[in-house]
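Peer 1: Quick one, what's the 3D model for this:
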Amino acid sequence: MIKAVSFDLDGTLIDSTEAIAESFVHTFDVLGVPQPPREAYVSTIGYTLHQQFEMLVKDHPADLCVATYRQHYPQIMREKTFLLPGAKEGLERLADAGLRLGFATSKKIQYSLELLDHFGILDYFESRIGPEEVSHPKPHPEAVLTSAKELGVSVDELFFVGDTRFDVHAAQAAKVRCLTVATGYATKEELIGLEPERVFDALPELIDYILEEVQACCK
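Peer 2: Got it, this is the predicted structure:
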């Protein structure tokens with residue numbers, strides 16, 4: 001029986017693409033790095049920031065790139081980040097059904113907490129996992145397994161919800177049921193190819209599915 005749900009954040013519950021992209025552009029400008037195509041860095045969302053810069057910038061240390069990025073990102077993240085449609089209502093519905101909720105993200109935990117508080121949804125999450133809370137980021141299963149542990153459930157009592165291969169691979173490695181939503185950084189076709197339990201076009205459909213599963217188990 002499902003007792004808890006853990007979520008990825010970027011592309012799943014929130015859209016922070018513009019804040020991320022602008023901060024990459026700022027970093028490239030400050031460090032004098034030739035501007036790569038926007039897709040080059042947007043397509044790496046899901047990796048940790050340090051990993052992204054290791055892939056994107058060869059002439060400067062990743063630590064310097066990360067520090068430059070983080071001088072800019074907090075200044076714009078609230079203005080240029082948005083809740084995805086149905087996110088707040090969906091969390092409320094799940095909480096009202098008695099499900100315990102958490103998140104597991106590659107976004108710096110400080111930024112995640114500030115953004116979720118800004119949107120008025122932080123208190124829904126009992127488990128709050130960023131890259132600082134694990135030794136191995138997604139697609140390693142540690143973040144998903146830690147989320148299950150903090151929520152007090154076994155792996156067969158948890159849904160993990162995400163939007164990229166990192167999320168699917170992490171959930172599958174943790175042997176947790178995985179649902180995906182095509183609102184983020186992978187196409188619906190890409191997600192289908194990864195073989196999660198289900199792929200949805202939008203969050204409200206996904207929330208309906210979870211609640212139907214819970215109700216079916218209770219009959």
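Peer 1: What count of nearby residues applies to residue 117?
Peer 2: 11 (other CB atoms under 10 Å). Bear in mind the C-beta positions are built from the backbone N, C-alpha and C, glycine included.
Peer 1: What are the phi and psi values at residue 34?
Peer 2: Main-chain dihedrals, residue 34, degrees, to the nearest 10: phi -60, psi 140.
Peer 1: mind listing the helices for this protein?
Peer 2: Listed in chain order, the helices of the chain (DSSP state H) span 17-31, 38-42, 49-56, 62-76, 87-96, 109-118, 142-151, 165-174, 188-194, 203-218.
Peer 1: quick one: which of the ones you listed is nearest residue 9?
Peer 2: Nearest to residue 9, of all the helices of the chain, is helix 109-118, at 6.0 Å by CB to CB.
Peer 1: Would you mind listing the residues in contact with residue 188?
Peer 2: Residues in contact with residue 188 (CB atoms under 8 Å, 6 or more residues apart in numbering) are 182, 199, 201.
Peer 1: quick one: pLDDT of it?
Peer 2: On pLDDT, residue 188 comes in at 97.
Peer 1: before we move on, what about residue 22?
Peer 2: 97.
Peer 1: Just give the nearest non-adjacent residue to it, would you?
Peer 2: With sequence-adjacent residues excluded and distances taken as CB to CB, 6 or more residues apart in numbering, residue 22 is closest to residue 76, at 6.1 Å.
Peer 1: From what I see, the one you found and residue 16 are in contact.
Peer 2: No. At 9.8 Å, residue 76 and residue 16 do not qualify as touching, with contact defined as CB atoms under 8 Å.
Peer 1: Identify each buried residue in stretch 46-57, please.
Peer 2: Applying a neighbour-count criterion of 16 or more other CB atoms under 10 Å, one finds 46-49, 52-54, 56-57 buried in stretch 46-57.
Peer 1: Let me see the contact set for residue 164.
Peer 2: Counting by CB under 8 Å, 6+ apart, residue 164 has contacts 8, 11, 45-46, 184-186.
Peer 1: For it, give its distance to residue 9.
Peer 2: Going from residue 164 to residue 9 by CB to CB, to the nearest Å gives 11 Å.
Peer 1: okay, residue 76 and residue 16: which has more neighbours?
Peer 2: Ranked by neighbour count (other CB under 10 Å), residue 76 and residue 16 place residue 16 first, with 23 against 16.
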